[in-house]
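Enquirer: starting from these lines, generate the structure:
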Amino acid sequence: MKKSSEVPNIDRSRRVLFDEAAALYDEVRPGYPEALVEDVIALSGIGRNGRILEVGCGSGKATLPFAKRGYRMLAIELGQHLAALAAENCRPYPNVQILHSAFEAWPLEENGFDLAISGEAFHWIPPEIGYPRLAQALKPDGSAALFWILRPLQETAVYQAIAAVHKELAPDIASTDHVVTPEWLTRRITANFADSNRFGEVTVRQYAWSEIMTAEKYVKLLDTQSSYRHADRKVREKLYAGIVDVIEAYGGEIERPYLAILFHAPLA
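Expert: Presented below is the predicted three-dimensional model:
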């Protein structure tokens, strides 16, 4: 897989691809570290009766940690199947409302929220639209917390063998699956906040962990990523079979490291 400090412009038409794999997304995508959630609460200063807006809730991976703490939430999700799954996952929490809508089309509720959050989703919204709308939705003392999970590039033997399989069986995916670095993401998101002229100083924090997974789960995880889902189905199937063979040859399990990065900024 190609390593790059820069990535191409985002093809935002791909954001609908995740809805095709809603159940798979819910099954294999990682949740967010408790330390990140606690930092969002502390940095924002949100009270127990605070109200949270979530943009792009997916199946509820970021929604649930806040819902379990009792916060009132409006979570917006573009994908019909993902929204339905999030509603089911959040059924035990009556303070949570899931809305099936694009954030851009949502009838803006100005000054309605103490905190806005978005996990793994806000890059799908053009920044010149997303950041100002986020600011408008917040109360004067509100803040925004955006966070992503990166998959750091690995140079171990098993990952090098997987990269060789990509190059042989799916070179298009290999050439477009850029590895986003923490440095690039930090530059991009802090610049987006600054360019909006609506937010104050950005606090950036990182959280690292890893997961040991089977070959089956690893390829399922790949199948939730837009660059893979955009590829031809037969190409994906051959690629996944090759990757499974590699992982089985290396003992049947693979360590998948993660790095979550949080960006928090109060209104200016």
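
Enquirer: contacting residues for the closest residue in space to residue 130 that isn't next to it in sequence?
Expert: Excluding the flanking residues, the one nearest residue 130 by C-beta to C-beta, 6 or more residues apart in numbering is residue 122, at 6.0 Å. Where you see a C-beta, it was placed from the backbone N, CA and C, and this is true even at glycine. Contacts for residue 122 (C-beta atoms under 8 Å, 6 or more residues apart in numbering) come out as 55, 56, 130, 146.

Enquirer: separation between the residue nearest to the first one when sequence neighbours are not counted and residue 37?
Expert: Nearest residue to residue 55 in three dimensions, chain neighbours excluded: residue 118, at 4.2 Å (C-beta to C-beta, 6+ apart). Between residue 118 and residue 37 the distance, using C-beta to C-beta, to the nearest Å, works out to 14 Å.

Enquirer: same check, this time on residue 139
Expert: Note on residue 139: its distance to residue 37, by C-beta to C-beta, is 21 Å.

Enquirer: comparing the two, which residue is more hemmed in?
Expert: More crowded of residue 139 and residue 37, by other C-beta atoms under 10 Å: residue 37, with 21 against 15.

Enquirer: I'd assumed residue 57 was in contact with residue 85.
Expert: No - using C-beta atoms under 8 Å, residue 85 makes no contact with residue 57, being 9.8 Å away.

Enquirer: neighbour count: the two, which is higher?
Expert: Shown here are residue 85 and residue 57; by other C-beta under 10 Å, residue 57 has more neighbours (31 against 22).

Enquirer: just the element for the more buried one, please.
Expert: Using DSSP states H and E, residue 57 maps to neither a helix nor a strand.

Enquirer: may I have the beta-bridge partners of the residue nearest to residue 55?
Expert: On the basis of DSSP bridges, residue 118 is bridged to residue 146.

Enquirer: that one and residue 58 touch, don't they?
Expert: No - using C-beta under 8 Å, residue 118 is not in contact with residue 58, being 10.1 Å away.

Enquirer: find residues that contact each of those two.
Expert: Counting by C-beta under 8 Å, 6+ apart, residue 118 and residue 58 have no common neighbour.

Enquirer: related to what we said a few turns ago, who's in contact with the residue nearest to residue 55?
Expert: Contacts here follow C-beta under 8 Å, 6+ apart; on that basis residue 118 touches 54, 55, 56, 62, 144, 145, 146, 147.

Enquirer: what's the closest of those to residue 230?
Expert: Closest approach to residue 230 among those (C-beta to C-beta): residue 56, at 18.4 Å.
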